[in-house]
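>>> When you get a sec, could you give me coordinates for this:
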Amino acid sequence: MRNKISTISNVVIGRCSAALLTLFTVLLVNTSALRAQVLTYSQSFTQSATSTTQCNAWETFRASLLVYSYTSVSITAGSTPATITCTNPTIVADIALCLRTGVSRTWTDGSNIWNVGTCGSGGSPTVTGWELSVNNGNCLCSSGYCARPCIGNLNWGGQGTTCSAPSQTITVEFNAGPPCPIPTNVTITAVYSSAVFFTWTPPTGSNGSEFIVDQNATGPTGNPTGTITTNTTASQGGLTPSTTYYLHVRNRCDSPSKSVWVTTSFTTLPPCIIPPSIKIPQIDTNSATIQWATITPAILYQYFIKDNNTPPTTDVGSSSTTSNQVQVSALDPGKTYYIFLRAKCLGGDSSAWVLDSFYVPIPCRAPSVQFNDLNSERVVAFWNTPATAYEYDILNSSVQLTTPTAGIKKSTNSYLFPYLDPNTTYYVYARSYCDDHNIKSISPWAETMYKTWALAVGDVEMETNSVSVLPNPVTNQMVVTITGKVGADANVTVMDVSGRALKTIPANSKKITVNMTEFPAGVYVLQYADDARREQVRFNKQ
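Now for the predicted structure:
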């Protein structure tokens, strides 16, 4: 070190050189106390605008150039920024000292000529305009670089034609001593759609850290101040979903020294927005399957099943699932339900409620088949109209079937089965085809039976008027008289003139009383039928 100081003493002359010798003597005494420094001046200048604010910042910067072990100085300027750097520690230290103490001097560093001198006066309050220039001369306009924000007029410097410089940023940076150690283990711990959480390990003896989250992959330029913290974990919110960002962290050594930035990247998650694409792939008369599209940041889905479309205002009463479908049951047929669905995402995000609805169809019932005009070789089958039914299958079989096949398609409510065998039991199978709000379904098969008459009629008493009704017309009670033998399975049936059965009573004797008070006035048919014959008579109801 003595040789180095001796060499410097022989080379450096003048006021700045003498001060430089003092600086290195201080370094010898206080080396253990020194920490790395990055001292930066960086200001934006506007063409044809005075630089009062920039001048005040320049004076603060000059005063910060204290006794440090400087290693480099650089000046960056131009509308397309370019940089010239000096790494000769002797020259760098002398430039810093002369700028701080206000001494004019010129240095040659290879092909570059550095200069500290005065150029005008300005600022608030008015101060002498100290200038740092490279390849420009003192207070001149040329193609080099210069920083002279306190000149007091519009010729504040820059790169190129400095007396009419376009708008640009001028940056002067001194590096002192060994580098300020960087933070390590910079780690993204959680990424959400609009926020990021991260951590790092500061070096021993750190005076805190700074971080910046932006979209600049190359790192912050100039000397911006990030968020300062003494913690080792932090977060940043207000980010845009599905966007790549860069986290920059640096260490803060002894003020104003800072390390270089350590940078890592991350991409925010897609937004917590659930698409309005609810589907009902399965629905029956009391249950439904509800599906929706999944979204990447969702951790669960909340839903309400309601009988009205009033949006929920709270989570109370909601159900949740981590799947993208639910099965709901115990629904009422013939009713419309509303589903409100939203996603709960990482970081506490929630989507808006999405509304959809579905209708629960009425059960498709099989028709209830009855019979009319029965004899030994034919019968008319007729049936009611179940709700939502539009078509029917009907099948007549002389044997009982375990699994009926498709029958005769009918859109009306009756069918004549001709050419039957006498004294034969037949089984009729019927089912409905239903359509309820475009939800189509088929009912189960329903089974009923009947028996055709026998051909033998020798045991039938062949009297005239074998069935009669009194009184005719009837008001309330009507007596049915049956002449001849009452056969097996005998009954009397009140029908309308179309043949539709309205009321059936077993015929257990030859005289049967029928209550007609429930029927409106009109013309009716009374039919007697047993296993051997059938008789009909018309009558009027008053």
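>>> would you list every one of the strands in the stretch 101-250 of the chain?
Taking DSSP state E, counting those that start in this stretch as the test, the strands found in the stretch 101-250 of the chain are 105-109, 112-122, 127-134, 145-147, 157-159, 168-176, 184-191, 196-201, 209-214, 227-229, 233-236, 244-251.
>>> Can you list the strands that the first one pairs with?
Looking back up the chat, that one is strand 105-109. Under the criterion DSSP bridges, strand 105-109 sits next to strand 112-122 (antiparallel) in its sheet.
>>> Next, find the distance separating the residue nearest the centre of the chain from K279.
Centroid-nearest residue in the chain: I273, 2.5 Å away (criterion: Cα atoms, centre = their mean). With the distance defined as Cβ to Cβ, to the nearest Å, I273 ends up 18 Å from K279. Backbone N, C-alpha and C define where each C-beta goes, glycine included.
>>> Next: Q43.
Look at Q43 and K279: by Cβ to Cβ, they are 60 Å apart.
>>> Show me which of those two is the more surrounded one.
Under the neighbour definition other Cβ atoms under 10 Å, Q43 and K279 were set side by side, and Q43 has more, 22 against 13.
>>> Tell me which helix or strand that one sits in.
strand 37-45 (DSSP states H and E).
>>> now N309
With DSSP H and E as the criterion, the answer for N309 is that it lies in no helix or strand.
>>> Does it touch D356 like I think?
No - no contact is recorded between N309 and D356 when judged using Cβ atoms under 8 Å, the distance being 9.9 Å.
>>> and the two? which has more neighbours close in?
Looking at N309 and D356 with other Cβ under 10 Å, you find the greater number of neighbours at D356, namely 17 against 12.
>>> What strand or helix carries the more buried one?
Since the elements are taken from DSSP H and E, D356 ends up inside strand 354-360.
>>> Show me what that strand is packed up against.
Applying 3 or more Cβ pairs under 8 Å, 6 or more residues apart in numbering; DSSP states H and E, one finds that strand 354-360 contacts strand 279-283, strand 288-291, strand 335-345.
>>> okay, those strands in JSON lines with distance to I408 next?
Written out in JSON lines, the entries for these read as follows (distance: least, Cβ to Cβ, whole Å):
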{"stretch": "strand 279-283", "distance to I408": "30"}
{"stretch": "strand 288-291", "distance to I408": "34"}
{"stretch": "strand 335-345", "distance to I408": "34"}
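>>> can you tell which of those strands is closest to T60?
strand 335-345 (46.0 Å; Cβ to Cβ).
>>> Skipping its backbone neighbours, what lies nearest V191 in space?
F266 (5.2 Å; Cβ to Cβ, 6 or more residues apart in numbering).
>>> Go ahead and confirm that neighbour touches T244.
Yes - taking contacts as Cβ under 8 Å, F266 lies within contact range of T244: 7.5 Å.
>>> Which one's more surrounded, these two?
Comparing F266 with T244 by other Cβ under 10 Å, the one with more neighbours is F266, at 17 against 11.
>>> Output the helix or strand harbouring the more buried one as PDB - backbone C-alpha positions only.
Counting by DSSP H and E, the secondary-structure element that holds F266 is strand 262-267. As requested, the backbone C-alpha atoms of strand 262-267 are provided in PDB (Å, rounded to 0.1, in the frame of the first residue of the first chain):
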ATOM      1  CA  VAL A 262     -31.400  -9.400  -8.400                       C
ATOM      2  CA  THR A 263     -34.200 -10.200 -10.900                       C
ATOM      3  CA  THR A 264     -36.600 -13.100 -11.200                       C
ATOM      4  CA  SER A 265     -39.800 -13.400 -13.300                       C
ATOM      5  CA  PHE A 266     -43.300 -14.700 -12.700                       C
ATOM      6  CA  THR A 267     -46.600 -14.800 -14.500                       C
END
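>>> Quick one: residues contacting the nearest residue to T199 once chain neighbours are set aside.
Here the nearest residue to T199 in space, its sequence neighbours aside, is T233; by Cβ to Cβ, 6+ apart that works out to 4.5 Å. For T233, the residues meeting the contact criterion (Cβ atoms under 8 Å, 6 or more residues apart in numbering) are 189, 197-199.
>>> ok, now F371?
F371 neighbours (Cβ under 8 Å, 6+ apart): 379-382, 450.
>>> Which of those has the largest number of neighbours?
With neighbours taken as other Cβ under 10 Å, the top of the contacts of F371 is A381, carrying 24 neighbours.
>>> didn't it look like it was pressed against N413?
No - with contact defined as Cβ under 8 Å, A381 does not count as touching N413 (9.5 Å).
>>> ok, now which ones touch K511?
Counting by Cβ under 8 Å, 6+ apart, K511 touches 479-482.
>>> what's the overlap in contacts for N309 and D356?
Residues touching both N309 and D356 (Cβ under 8 Å, 6+ apart) are Y338.
>>> before we move on, back to that, just the buried residues of the strand holding D356, please?
Buried residues in strand 354-360, counted by 16 or more other Cβ atoms under 10 Å: 354, 356, 358-360.
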